[in-house]
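Engineer: the sequence and its predicted three-dimensional model are supplied below.
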Amino acid sequence: MNIYPQLQDKSKKISVVGLGYVGLPLALAFARRFSVIGFDINAQRIDMMRQGEDPSRELPAGAFEGCDIHFTANPDDLRQAHFHIVAVPTPVDEHKVPDLRPVISATETVGRILKKGDYVVYESTVYPGCTEEDCLPILEELSGLRLGADFKIGYSPERINPGDKEHTIEKILKVVSGNDAEALEQVALVYGAIIEAGIFKASSIKVAEAAKVIENTQRDLNISFMNELAMIFDRMDIDTLEVLEAAATKWNFLRFTPGLVGGHCIGVDPYYLLHKSMKLGYNPQVILSGRRINDGMPAFIAKRLVQMLIQRGKNPSQTKVLVMGITFKENVADIRNSKVADLVRELMDYSIHVHVTDPYASPNELAHEYKLMLVDNISDDYDAVIVAVSHDAYTKLTIPYFKNIMTKNPILVDLKAIYPKPNDNGLLYWRL
């Protein structure tokens, strides 16, 4: 099934199923070299993309120029494609259990239109074995075709970093895999046409799946260690950042910092590995411990602020706090799995009156997802301000600015350690 030449001369098309943070940039990158069908179940998002607008507000209008791409919400249009890429979200539910409904639904959509000679490649983050054990049977059942004899599959984990204008798709080395040697070679050729940084051929689909899921699990564990250090050093009245700066003078010290761990990768992927491991009868200790620490940080920060408010003679139930930043990371609009939202809820549980502001977040999405509102105007009577996300606009603010929007005995909580420690006895400054 040598499909690459037909994709090159555009006699065959590539489809990308799921046009979010991962799928849309990928589809546009392919559309500069190949003929592409971009599919998403959200017709409103499709309409925006047809107008050259990224619903996620990550890409400029110019990113759509010179692209051979047809955007559609009609699954029948996928019949025109022969190389299908599934790039839908893989979240967890309220019980932290992997929610495979989006990837299963996308698999069913592709299975219904799958033809002899087609390829199906998954980019969604899953646990090792998901592609072959959960998705493949659906493809075979709905298409009536058989893997190897009739079609091929592969897995190439996404490596999109929202908000990062330097490490774009083309500049990040891509891991690829296939169900056999021929599939691996063809998948590598297709991705190699757009990836400047190079291709790494994994020995199997499971290896590629595992590589993806441990990338973010490793970061999660390292950050959880920093968070635990921050809690310990806070009790000792030691500045964690100063400790890390001192430790980082050693050549092999790994540079991680404490903070809220949210988003749709680092705060989610470890649960996929946990789920698979526990199904196999092994209860992971280290991964689970790291998740507990990171998930508990909003409660720790809220409790610490309440203690500071009381120390400054303020009744928490009669105070007003401004939280600056609600997205899961700096300079993006994505609010999925925002731990800042959890922090806001924790503060509200103490009957604190909380205002939230963010230059990137959508008020409608925030209201729908978390039932929280963004304030239109920042007032000047806050008892404390929490800078939770290091948006560029916030990095330019000064200590006098914060003092001007706060009342007597103000408290500034700098969760991202953006600002130098102020020499101001009138301001209580605290960071992780």
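Structural biologist: Yes, it's here. Numbers count the residues shown, from 1 in each chain.
Engineer: so which bits of stretch 411-424 are buried?
Structural biologist: For stretch 411-424, the buried set under the neighbour-count rule, 16 or more other C-beta atoms under 10 Å, comprises 411-419, 422. (Glycine included, C-beta is placed from N, CA and C.)
Engineer: my bad, should have said stretch 240-255
Structural biologist: Neighbour-count burial for stretch 240-255, counted by 16+ other C-beta under 10 Å, picks out 240-241, 244.
Engineer: any idea which residue sits dead centre in the protein?
Structural biologist: residue 264 (3.4 Å; C-alpha atoms, centre = their mean).
Engineer: which helix or strand contains that one?
Structural biologist: When elements are defined using DSSP states H and E, residue 264 is found to belong to no helix and no strand.
Engineer: can you check residue 142 too?
Structural biologist: Remark: residue 142 resides in helix 136-143, with elements defined by DSSP H and E.
Engineer: contacts for that helix?
Structural biologist: Applying C-beta atoms under 8 Å, 6 or more residues apart in numbering, the set of residues contacting helix 136-143 from outside is 104, 107-108, 110-112, 114-115, 120, 145-147, 150-151, 153.
Engineer: hmm, back to that, okay if I get the buried residues of stretch 411-424 as CSV plus secondary structure and distance to residue 337?
Structural biologist: Compiled in CSV, the buried residues of stretch 411-424 are given as follows (DSSP: H, G, I helix; E, B strand; the rest coil; distance: C-beta to C-beta, whole Å):
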residue, secondary structure, distance to residue 337
411, strand, 27
412, strand, 26
413, strand, 21
414, strand, 22
415, coil, 17
416, coil, 18
417, coil, 22
418, coil, 22
419, coil, 26
422, coil, 32
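Engineer: show me where this structure dips below the pLDDT cut-off.
Structural biologist: Along the chain, the parts satisfying pLDDT under 70 run over 162-165.
Engineer: all strands for it, in order.
Structural biologist: If DSSP state E is used as the criterion, the strands of the chain fall at 13-17, 36-39, 69-72, 81-86, 119-122, 152-155, 174-176, 199-201, 320-324, 353-357, 382-387, 406-414, 428-430.
Engineer: residue 249: which of these is closest?
Structural biologist: Closest to residue 249 of these is strand 406-414 (C-beta to C-beta; 23.0 Å).
Engineer: in its sheet, what does the closest one sit against?
Structural biologist: Here strand 406-414 is paired, per DSSP bridges, with strand 382-387 (parallel), strand 428-430 (parallel).
Engineer: ok, now which residue in the protein is the farthest from the centroid?
Structural biologist: Max distance from the centre of the chain (C-alpha atoms, centre = their mean): residue 313, 39.5 Å.
Engineer: got the contact list for that residue?
Structural biologist: By C-beta under 8 Å, 6+ apart, the contact list for residue 313 reads residue 409.
Engineer: and it, how far is that from residue 152?
Structural biologist: When C-beta to C-beta, to the nearest Å is applied, the distance between residue 313 and residue 152 equals 69 Å.
Engineer: can you check residue 104 too?
Structural biologist: As it turns out, when the distance is counted by C-beta to C-beta, residue 104 lies 20 Å from residue 152.
Engineer: highest mean neighbour count out of the strands paired with strand 406-414?
Structural biologist: Per residue and on average, the most neighbours among these fall to strand 382-387, with a mean of 24 (mean count of other C-beta atoms under 10 Å).
Engineer: in the stretch 1-150 of the chain, which spans are helices?
Structural biologist: If DSSP state H, counting those that start in this stretch is used as the criterion, the helices of the stretch 1-150 of the chain fall at 4-8, 23-31, 43-50, 101-113, 130, 136-143.
Engineer: may I see the buried residues of the first one?
Structural biologist: For helix 4-8, the neighbour count (16+ other C-beta under 10 Å) marks 4, 7 as buried.
Engineer: show me what it is packed up against.
Structural biologist: strand 81-86, helix 181-192 (3 or more C-beta pairs under 8 Å, 6 or more residues apart in numbering; DSSP states H and E).
Engineer: over to the second one?
Structural biologist: In this structure, helix 23-31 packs against strand 13-17, strand 36-39, strand 69-72, with contacts taken as 3+ C-beta pairs under 8 Å, 6+ apart.
Engineer: list the strands paired with the longest one, with their directions.
Structural biologist: Its sheet considered, strand 13-17 pairs with strand 36-39 (parallel), strand 81-86 (parallel) by DSSP bridges.
Engineer: how far does the longest helix belonging to the chain sit from the chain's center?
Structural biologist: Ranked by number of residues, the top helix in the chain under DSSP state H is helix 205-236. Per C-alpha atoms, centre = their mean, to the nearest Å, the displacement of helix 205-236 from the mean C-alpha position of its chain is 15 Å.
Engineer: cool, stretch 105-121 as well?
Structural biologist: For stretch 105-121, the gap between its own C-alpha mean and the chain's C-alpha mean amounts to 26 Å (C-alpha atoms, centre = their mean).
Engineer: start the count at 43, not 1, going forward
Structural biologist: Right, with 43 as the first residue, what we last looked at is stretch 147-163.
Engineer: for that stretch, buried residues please.
Structural biologist: With burial defined by 16+ other C-beta under 10 Å, the residues of stretch 147-163 counted as buried are 148-149, 151-153, 155-156, 159-163.
Engineer: stretch 220-237 now?
Structural biologist: In terms of neighbour count (16+ other C-beta under 10 Å), stretch 220-237 has its buried residues at 220-221, 225-226, 228-233, 236-237.
Engineer: cool, stretch 90-108 as well?
Structural biologist: Within stretch 90-108, judged by 16+ other C-beta under 10 Å, the buried ones are 90-91, 96-98, 100-101, 105-106.
Engineer: any idea how far residue 202 lies from residue 100?
Structural biologist: Computed as C-beta to C-beta, the residue 202 to residue 100 distance reads 9 Å.
Engineer: what do those two both touch?
Structural biologist: Counting by C-beta under 8 Å, 6+ apart, the residues touching both residue 202 and residue 100 are 63, 67.
Engineer: and residue 69, how many neighbours does it have?
Structural biologist: As a burial measure, the neighbour count of residue 69 was computed by other C-beta atoms under 10 Å and equals 26.
Engineer: residues contacting it?
Structural biologist: The neighbours of residue 69, taking C-beta under 8 Å, 6+ apart as the test, are 58, 61, 78, 80, 111.
Engineer: quick one: contacts for the fourth one?
Structural biologist: It stands for residue 80. Each residue near residue 80 by C-beta under 8 Å, 6+ apart is listed here: 57-58, 61, 65-66, 69, 73, 88, 91, 111-114.
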